[in-house]
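Undergrad: The following comprises the amino acid sequence and a computationally predicted model.
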Amino acid sequence: MSHKTQQLCAQVRRSLELSLMGECNDELLQCMMVEKVEPAPDDKHLRATLSVMDPNQDLDKAEVMARLEAARPILMAEVARAISRRKVPEIQFEVIRAVE
């Protein structure tokens, strides 16, 4: 992975973290942690892996994905502000259980 791609992934990760904590008014999404952001397969498409910070919380992946999709416009707007690119990469969300 190139230095520019690593930098982009780091910027997107930080932007998603801040957006989930501050911009989303969804308590479940506010409990999410961005584990990693990586190219999928290139820097025009990224995969963001998220987990729930509270491992005791029941995780209904379908519900979490639906809430992430509902929050997508807010998240993408914040990512667009945070990165210095003309086109914002497409982000695919993946939800996993928190690593204990």
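TA: Perfect, thanks for sending it.

Undergrad: Show me the helices in this protein, by range?
TA: Assigned by DSSP state H, the helices in the chain fall at 3-18, 27-30, 61-82.

Undergrad: Need the ones you listed in TSV (columns: mean neighbour count).
TA: Heads up, the C-betas are built off the backbone N, CA and C, glycines and all. Formatted as TSV, the helices of the chain follow (neighbours: other CB atoms under 10 Å):
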stretch	mean neighbour count
helix 3-18	16
helix 27-30	14
helix 61-82	15
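
Undergrad: Tell me which of the ones you listed approaches residue 37 most closely.
TA: Evaluated with CB to CB, the helices of the chain place helix 3-18 nearest to residue 37, the distance being 4.3 Å.

Undergrad: so the closest one versus helix 61-82, what angle?
TA: Inter-element angle recorded for helix 3-18 and helix 61-82: 120 degrees (by axes from the mean of the first three to the mean of the last three CA atoms, to 10 degrees).

Undergrad: Contacts for helix 3-18, please.
TA: The contact list for helix 3-18, computed with CB atoms under 8 Å, 6 or more residues apart in numbering, reads 1, 33-34, 36-39, 42-43, 46, 48, 50, 75, 78-79, 81-83, 85, 89, 91.

Undergrad: and if we set it to 10 Å?
TA: Around helix 3-18, the neighbours that count as contacts under CB atoms under 10 Å, 6 or more residues apart in numbering are 1-2, 23, 32-39, 42-43, 46-50, 75-85, 88-89, 91, 93.

Undergrad: Restrict those to the buried ones and give me that as a PyMOL selection.
TA: Filtering the contacts of helix 3-18 down to the buried ones (16 or more other CB atoms under 10 Å) takes a single PyMOL command:
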select buried, resi 23+32+33+34+37+38+39+43+46+47+48+49+50+75+76+78+79+82+83+88+89+91+93
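
Undergrad: how about the helices of the chain in CSV, adding distance to residue 97 and mean pLDDT?
TA: Shown next, in CSV, are the helices of the chain (distance: least, CB to CB, whole Å; pLDDT from 0 to 100):
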stretch, distance to residue 97, mean pLDDT
helix 3-18, 18, 94
helix 27-30, 14, 88
helix 61-82, 9, 92
